[in-house]
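> Let's see this in three dimensions:
(one chain, ligands or ions: 2)
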Amino acid sequence: MNENPRMALTKGRLEKDTVNLLEAAGLDMEPVRKPSRKLILQVPQFPLDLILLKGPDVATYVEYGVADLGVVGKDVLLEDPKPVYEVLDLGFGRCRMAVAGPPEMAATPKKHLRVASKYPRIARDYFEGRGQSVEIIRQQGSVELAPLMGLADVIVDIVETGNTLKANGLVVLEEIVPISARLVVNKISYKTRRHEMNRLIDMMEKQLTNR
Ligand SMILES: Nc1ncnc2c1ncn2[C@@H]1O[C@H](COP(=O)(O)OP(=O)(O)OP(=O)(O)O)[C@@H](O)[C@H]1O
Ligand SMILES: O=P(O)(O)OC[C@H]1O[C@H](OP(=O)(O)OP(=O)(O)O)[C@H](O)[C@@H]1O
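Residues are numbered from 1 along each chain as shown. Ligands and ions are numbered 1, 2, ... in the order given. So this is what the prediction gives:
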């Protein structure tokens, strides 16, 4: 067992809101706020270590119990489901998963669709669930380019402000699912470190209800 409970945080877009939430919950987040390349940080005066990872790796660390808890986007959990407990919707990192494409695609249903996405599983589940035949073309980024370049008919991607779609002449064709950051807990830690896990969950939950 780790000495202190360990929480995995997603670097990048979710980082600032996560740090703000933990700070509001009473933790000294100075070590994370201080610019540094450190990936393991200790919360002063509180039994908690923090590790910084990319979203999909947060879920993996929590699955294996190397981290007891983690903060990760719902998109990551849907794309690569893990046997972890999802205990809180943290309410930030809000965006939606959507099908998008050129406006004319709305009026021209196709027998077989080519779909570009960083989220092949979400895309396949969505279209197959509707009986739509698809070929999924996996992308690593700049997904909006695919329909513009003729690589795909539509994309499945995250839409937040809608600015990227707009700047590229694309529109949302269908909403798939709303997304936000979630707190996940390792299943064994939840049993064997119940008191510590509940204390941390309660501290965070209280801040959410105060907002
Ligand atoms: N506009 C957005 N684009 C992508 N993710 C967003 C957006 N808004 C909120 N999110 C949430 O933030 C999480 C982290 O996003 P972030 O872009 O930092 O990492 P990423 O998706 O791994 O991208 P990258 O590969 O560019 O680092 C996502 O998993 C998602 O839940
Ligand atoms: O609706 P918006 O506010 O414009 O946000 C959505 C865009 O942000 C994300 O891309 P990201 O910036 O992570 O770049 P990449 O996936 O293309 O690397 C996502 O894949 C969309 O392209």
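> Contacts only, for the residue most central in space within the chain.
In the chain, the C-alpha nearest the mean C-alpha coordinate belongs to Gly73, at 1.5 Å (C-alpha atoms, centre = their mean). The contact partners of Gly73, by C-beta atoms under 8 Å, 6 or more residues apart in numbering, come to 10, 14, 55, 93, 179-182. All C-beta atoms are positioned from the backbone trio N, CA, C, and that covers glycine.
> The top helix by length along the chain - what's its average pLDDT?
Counting residues, the longest helix found in the chain (DSSP state H) is helix 194-210. Mean per-residue pLDDT for helix 194-210: 95.
> Dump it to CSV, restricted to CA.
Output of helix 194-210 as CSV, limited to C-alpha atoms (Å, rounded to 0.1, in the frame of the first residue of the first chain):
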residue,chain,number,x,y,z
ARG,A,194,-12.3,3.7,2.8
HIS,A,195,-11.8,6.4,5.5
GLU,A,196,-9.1,8.3,3.6
MET,A,197,-11.0,8.0,0.3
ASN,A,198,-14.3,9.2,1.8
ARG,A,199,-12.5,12.1,3.5
LEU,A,200,-11.1,13.3,0.1
ILE,A,201,-14.4,12.6,-1.7
ASP,A,202,-16.3,14.5,0.9
MET,A,203,-13.9,17.5,0.9
MET,A,204,-14.3,17.8,-2.9
GLU,A,205,-18.0,17.2,-2.9
LYS,A,206,-18.6,19.9,-0.4
GLN,A,207,-16.9,22.4,-2.6
LEU,A,208,-19.1,21.4,-5.6
THR,A,209,-22.3,21.9,-3.6
ASN,A,210,-21.0,25.3,-2.4
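> quick revisit: quick check: bridge partners of the residue nearest to the centre of the chain?
Under the criterion DSSP bridges, Gly73 forms beta bridges with Ala181.
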